[in-house]
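Student: here are the coordinates; sequence isn't available:
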């Protein structure tokens with residue numbers, strides 16, 4: 001049986017972030033030292049051992065659900081702590097400015113990365129549950145990331161047409177991340193709007209209340225207004241920025257999970273294969289992505305590992321940076337792996 005406590009590694013970054021905010025305002029050197037958790041995660045992902053075998057998880061459902069509840073709590077707590085922390089930064093002197101800017105940069109690393117890893121990933125798991133409470137919590141997490149429409153697009157778009165030309169969220173063979181990001185970021189919202197319009201029919205005042213996209217916009221606007229009223233423009237700006245970073249992280253993951261698989265030569269797989277221990281447990285089984293598309297209703301700890309796809313050479317965190325920072329070499333590697341997979345499959 002898989003040890004459920006392996007998944008506790010997913011608490012490392014949100015707990016570190018909470019500790020950062022709870023330990024008071026930091027000096028320049030003190031704040032920079034708090035980027036260490038991010039570098040440690042990256043190193044752990046780079047040198048993680050392989051993990052392929054899928055064991056039984058029967059009998060520990062309560063522990064796994066408790067992990068989700070804990071991550072939701074920390075996500076929302078860290079957002080509130082961030083708003084309060086940023087609102088208290090002094091800006092009177094040049095030294096204050098240097099210290100404040102350094103703290104803001106560090107917060108971008110901690111909260112933005114945490115919201116991508118422990119925010120969107122947790123919301124993704126919760127919105128696939130049949131439990132109304134869990135679905136509601138997943139939506140609240142997405143509100144904290146200004147990304148509520150992701151539920152509509154992901155469930156009714158991506159899962160219906162993955163690896164097909166019709167699925168615009170599948171990265172095309174030869175497509176750069178920059179082009180993919182520009183194509184997908186805005187189209188996600190428009191596609192969600194189209195889905196809701198088809199579901200509700202002609203737009204009326206009454207149907208507007210049932211439109212999930214409008215609901216999300218309204219609630220997110222309230223959150224932004226409250227943030228501005230209680231914490232000021234800088235805290236609100238950083239709230240928006242951490243949301244942007246989180247969305248960019250999850251869309252990079254989506255980019256590398258399906259890159260090139262719409263091409264008919266490689267279309268006999270649902271996704272790319274990652275078998276690193278650290279990615280598996282840090283991201284709540286998200287790397288078992290092929291199994292997730294085979295049965296989206298399985299919980300993260302039940303999803304079986306599958307090697308029926310091209311192999312990623314590293315874990316998701318390393319692949320995330322590689323695809324964004326040096327996309328040309330990433331694509332060269334990806335084409336080699338696709339050709340190798342076609343040869344052996």
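Tutor: Yes, it's here. Owing to the predicted nature of the structure, the values given are computational and were not obtained by experimental measurement. Residues are numbered from 1 along each chain as shown.

Student: Next, find the distance separating residue 188 from residue 146.
Tutor: Distance of residue 188 to residue 146, given as Cβ to Cβ, to the nearest Å: 12 Å. For glycine as for every other residue, the C-beta is placed from the backbone atoms N, C-alpha and C.

Student: Same check on residue 63?
Tutor: Per Cβ to Cβ, residue 63 is found 31 Å from residue 146.

Student: cool, residue 20 as well?
Tutor: Distance from residue 20 to residue 146, by Cβ to Cβ: 22 Å.

Student: The two: which has the busier surroundings?
Tutor: Set side by side, residue 20 and residue 146 show more neighbours around residue 20, with 25 against 21, by other Cβ atoms under 10 Å.

Student: Spell out the secondary structure type for the more buried one.
Tutor: Here residue 20 is helix, with the state taken from DSSP: H, G, I helix; E, B strand; the rest coil.

Student: tell me the contacts of it?
Tutor: With contact set as Cβ atoms under 8 Å, 6 or more residues apart in numbering, residue 20 has these partners: 26, 34, 106, 110.

Student: Nearest residue to residue 138 in space, ignoring adjacent ones along the chain?
Tutor: What sits nearest to residue 138 in space, not counting adjacent residues and going by Cβ to Cβ, 6 or more residues apart in numbering, is residue 126, at 3.0 Å.

Student: which SSE is that neighbour in?
Tutor: helix 121-127 (DSSP states H and E).

Student: mind listing what's buried in that helix?
Tutor: Neighbour-count burial for helix 121-127, counted by 16 or more other Cβ atoms under 10 Å, picks out 121-127.

Student: do the same with stretch 63-72
Tutor: Neighbour-count burial for stretch 63-72 [16+ other Cβ under 10 Å]: 64-65, 67-68, 70-72.

Student: Apart from its chain neighbours, what residue comes closest to residue 250?
Tutor: Sequence neighbours aside, residue 120 is the residue nearest to residue 250 in space, at 4.2 Å (criterion: Cβ to Cβ, 6+ apart).

Student: Return the distance of the one you found relative to residue 299.
Tutor: For residue 120 relative to residue 299 (Cβ to Cβ), the value is 17 Å.

Student: neighbour-wise, which of the two wins?
Tutor: Using other Cβ under 10 Å as the criterion, residue 120 and residue 299 rank with residue 120 on top: 25 against 16.

Student: Look up how far residue 249 lies from the more buried one.
Tutor: Going from residue 120 to residue 249 by Cβ to Cβ gives 7 Å.

Student: tell me, which helix in the chain spans the most residues?
Tutor: In the chain, with assignment by DSSP state H, the single longest helix is helix 212-258.

Student: Whichever helix or strand comes after that helix - contacts with which helices or strands?
Tutor: The helix or strand immediately downstream of helix 212-258 is helix 277-282, counting by DSSP H and E. Judged by 3 or more Cβ pairs under 8 Å, 6 or more residues apart in numbering; DSSP states H and E, helix 277-282 is in contact with helix 36-46, helix 316-325.
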